[in-house]
Every structure is written in C-alpha cells, then in structure tokens.
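S.K.: sequence isn't available, so here's the structure alone:
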C-alpha cells in the first residue's frame, strides 16, 4: 500500500487501495450485487450479473489461449457485452487495447501493428477492414460480435455461454500494465499510453470526485471505451453506487431526451459539446430534467454561465491527459473559465522557456510530478523516443500552456505548438478562438496558420456558425478588430458545418484544409483594419 500523505486520499478506500479492478468488482458483487450497474434501452444489468458474466468471458478467453500480459485488441462499439469484456480482461490480467472504431487504412494498420495483439475482438461490421490486416499480425484468435458469413473466427456469444462462472485465479497486481490507450493527438500517428491497473482506478476515483457522485446517481454515458473518459466511468460505477445510462453515441439533438428517459443526474462534456447544446433552439422544457452536474473538460468562459442559466445545471470543469491518470486539475467551485486546482496527488508547475518556475498569472508550460508513486504513465508503448521527449527526470512535460493565480486556480491557454507566426509575432490560436467563440452566431472556431509568399503565416479562421445564422465574414472580422491586436485578426475565413474530431471531441487541426482559394480574404475584400490605417 502506498504511503498516503493526503487526508483526502487516505480517507478514500477505492482509488489508491491495493484491490485491483477485478477484485473491486468481486467485492461489490458480494456486498451489493442487486444494484443496477447499467441500463441500455430496456435492459438492466446488475453488479452481480456483470461479475458473473465477466468471469465466464475471462475463463473462455483463457481457454482460447489468452494469458496474463497478452495484449487483446478490441474494435467494438459501446454495449453491455463490451463492458463485460472490459472487466474480463481486467480479471485475466490481459492488456486491453481498445481501438478507435472509426480508424481505417494506414491509421488502423499503425495501431494494430504497434500493439501486436495476441487476440482481436471486433464487431463484424469491421470485418472487411480487418481481413486485410490480420494476415500481417501474429494473432492467435479472432472473436467476432454478431458474426456474419465469410468471417473466420469465434462467435463472441460462445464466450458468454461458457460453463464456468467462477473467478479466474489470475495474479493481477496494481502495477501491472492492463491497458494501452492510443492518444488521439492532433498531429502525427497515435502513441500508445501504457496504463496500469492502479492508474485506471485513480482515474475513476478522480472522475467520481469531479462529478460529485452520490449514491443513486445516474450517469448519462456516451463516451467510447477507446478514450480514458469512457474507461474510467466503467470503474467509477463499481467504486460508487451509481448507475450508467448507456447510449450508442453522443447525439446532441437527443441528449436531453435521453437524460429524461433514464433519469440522468449527470452529463459528460468534452471539447465544444456544451456550445453545441447551447446552439440548439431554446425549448420550454430546457430545465425539465434531473441533471444536476455537467462534468468534463474544455468549457469556454462565455459558455459557462449561459449554459448554467439556461439549463439549470452546475458545470464542473477539469484538465488532464491519459498520461497522468486522466485528471490533473478540477474546478469544483464554479470559477468560470478556470480548469481548477491541482489534484492532491500531483504537483503542477508553470515554467518558462528555460524551465524555471513562473510566478502568479504568468503564462507558461504545465509540468507535472507525482506526489504518490504510480500516477504518471511509464511511457508510450514501444516508443522510447516519444517517451524520452515527454518524460524527463520524473517530470511530465505536457506541451500545454496555462497560468495559475495566487489562489491556485489554473487557466488553460492552449497547446504550446498551437500558434501562428505572423510578421514576427507569435499568435496564440486559443486566444483568437476565444474571441471568435464569443460572437453570438459562432458555435465553435478553429484557428490555424497558412503559409504565404513571404515565407510567413497568415491567420485562417474556420468557423462553425449557429444553425440558421446569416453570419458575414467581414462582420466577424470587424468583431475581432475591436478585441484583438491587428496582427491577430484573421485574414482568411472559412465556414463549415462541423469539424473533424478526435475521440475526445477536440478539433483535429491537422485535418483542416490549408487551402485559401475558396475562403473569404480580408486583403481582397478592400477593407482595411483600423489599426493599420
């Protein structure tokens, strides 16, 4: 057992105990087995059923040759069966590699070849994509959910029908690597973050802390399990007496109806989701629901109060990364625009370009150190170069910019590399996006740099307008003119219906077009910025 120096952590029996994920489920099933773990449509699964069925699947996987430490790739949509498989792998001590179900071609090939799984479990709809890759992998067994003709392998239903429902005698330890989550970075190929059983439990403890979970709460769950935001919620519902309301995917237009249907007390947000909900037409029943808390990360300050006032929901914002057990800071106090204070088991510092610590309100890079061992990842799977770049001398270099005030509240300022170099000036994309997003007809924006003939960059703003709004590019530039330095004002404006996104709903800026031929162009418009006249 780790020596805990925090009163808050010492009083918490789940997150940092020696009991593994599988042991927690078994203990909960023995003491509270009839409690509803999750609901999916008209189906309810109790904690005891989840424990028993995950034992069956773990025994069936062992019979197929799966061993502790084996990597098992999952390419599955969210479902009760996926939940059962998640806990079966945790009990077996196998390493869960959940693959983004939207990957195709080279991106999918990269993840599977990098992970080098012993087994693959997939929905049959991915059969054609996987069939081209499986011959190049050293896979011992392929298991299909809802199989169809022409797919060679094992039917997942046979795992659920396995005759042995007793606990499997695997010796899983808290420090064992039990998951690899491929980060959906905005540049380059994904990197596999190595996660231990302990890190997953800590992430769930922190998620429960951020959403202020109470006995009997119902969590609306859309998060994919190939993102740590989904995996942690599965464990949270074992640690706490809450029920998961499982929906197929995030559907903004259906979210409030789903919340009412399930009696959800919590909704989860990432990226621009709250802005998208605000952009929906106002309805008389906007407050006709049981939702108490919207929890997640990435709520802009201008959205915060408007969302709370319209829907009657308290916002809890946070910041973190898969590499630090999901959460690093949490804002439970309602300080709009802040990502909150550091978690009790992490030490966060804001540093300048030379690596020296900065004072209050000075912008710099976020760096992290553990106060309790085992919170930070050991690195990226089979990628020592990327590991060495991010982890140095026990410190996690996040590449994220922030500042912290004298009360310990952090404010996120964007990615260190997410800037535009124009006329000798460094322009923060996040700073320009904040101004654009405050426009009443803008749902979401993304700012990128595009090369020009001067071997320099110009600012391009990609805008998702409010549905039905007649948003004019020149009017938008004039809006920016009074709120930004002249060199920060976008030259190019492009309107889009939506953005390409990562699993965590961040905009994939590397996928945005750098072409300017069809964009509105300030220089061609004839309008001259006032500060340049």
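M.R.: Thanks, I have it. Quick caveat: nothing in here was measured; it's all calculated off a predicted structure.

S.K.: which residues are in contact with the closest residue to residue 242 other than its chain neighbours?
M.R.: In space, residue 242 comes closest to residue 217 once its chain neighbours are excluded; the distance is 4.4 Å by Cβ to Cβ, 6 or more residues apart in numbering. C-beta: built from backbone N, CA, C; applies to glycine. The neighbourhood of residue 217, defined by Cβ atoms under 8 Å, 6 or more residues apart in numbering, consists of 211, 240, 242, 243, 265, 266, 292.

S.K.: ok, so of the residues you listed, who is nearest residue 228?
M.R.: Distances from residue 228 to those, taken as Cβ to Cβ, are shortest for residue 211 (14.9 Å).

S.K.: the residue lying closest to the closest one once chain neighbours are set aside: what's it in contact with?
M.R.: Closest residue in space to residue 211, ignoring its immediate chain neighbours: residue 295 at 4.0 Å, by Cβ to Cβ, 6+ apart. By Cβ under 8 Å, 6+ apart, the contact list for residue 295 reads 207, 210, 211, 212, 266, 267, 268, 269, 315, 316, 318.

S.K.: filter those residues down to the buried ones.
M.R.: 207, 210, 211, 266, 267, 268, 269, 315, 316, 318 (16 or more other Cβ atoms under 10 Å).

S.K.: out of those, which one has the lowest pLDDT?
M.R.: Of all these, residue 269 has the smallest pLDDT value, namely 94.

S.K.: you'd agree that one is in a helix?
M.R.: No - assigned with DSSP: H, G, I helix; E, B strand; the rest coil, residue 269 falls outside any helix and is strand.

S.K.: wait, it touches residue 293, no?
M.R.: No - counting by Cβ atoms under 8 Å, residue 269 stays clear of residue 293, with 10.5 Å between them.

S.K.: which SS state does residue 158 fall under?
M.R.: Three-state call for residue 158 (three-state DSSP): helix.

S.K.: distance of it from residue 141?
M.R.: 12 Å (Cβ to Cβ, to the nearest Å).

S.K.: kindly report the same for residue 393.
M.R.: From residue 393 over to residue 141 (counting by Cβ to Cβ), the distance is 42 Å.

S.K.: more neighbours: which of these two?
M.R.: residue 141 (16 against 5; other Cβ atoms under 10 Å).

S.K.: beta-bridge partners for the more buried one, please?
M.R.: Beta bridges link residue 141 to residue 119 when assigned by DSSP bridges.

S.K.: you'd agree it is up against residue 63?
M.R.: No - Residue 141 is beyond contact range of residue 63, at 10.1 Å (criterion: Cβ under 8 Å).

S.K.: mind listing what residue 92 touches?
M.R.: Neighbours of residue 92 in contact, by Cβ under 8 Å, 6+ apart: 58, 61, 62, 66, 67, 68, 168, 170.

S.K.: tell me the mean pLDDT over the helix or strand the residue nearest to residue 211 falls within?
M.R.: Secondary structure from DSSP states H and E places residue 295 in strand 293-297. Mean pLDDT, computed over strand 293-297, is 97.

S.K.: just stretch 398-418 next, same as before
M.R.: Rounded mean pLDDT across stretch 398-418 is 91.

S.K.: again, but for stretch 320-328
M.R.: Rounded mean pLDDT across stretch 320-328 is 97.

S.K.: tell me where the stretch 1-150 of the chain has strands.
M.R.: Counting by DSSP state E, counting those that start in this stretch, residue ranges of the strands within the stretch 1-150 of the chain are 36-40, 43-46, 71-75, 95-98, 119-123, 141-145.

S.K.: select, out of these, the one closest to residue 334.
M.R.: strand 36-40 (29.6 Å).

S.K.: buried ones in the closest one?
M.R.: Neighbour-count burial for strand 36-40, counted by 16+ other Cβ under 10 Å, picks out 36, 37, 38, 39, 40.

S.K.: ok, now how distant is the second one from residue 151?
M.R.: The one in question is residue 37. From residue 37 to residue 151 the distance is 30 Å (Cβ to Cβ).

S.K.: follow-up on the earlier one: now, which of the contacts of residue 217 lie within helices?
M.R.: If you go by DSSP state H, the contacts of residue 217 have residue 211 in helices.

S.K.: now for the lengthiest helix in the chain, which elements pack on it?
M.R.: For the chain, the longest helix by residue count, based on DSSP H, is helix 47-63. Helix 47-63 is packed against helix 21-32, strand 36-40, helix 80-92, helix 156-160, with contacts defined by 3 or more Cβ pairs under 8 Å, 6 or more residues apart in numbering; DSSP states H and E.

S.K.: this completes my enquiry, with thanks.
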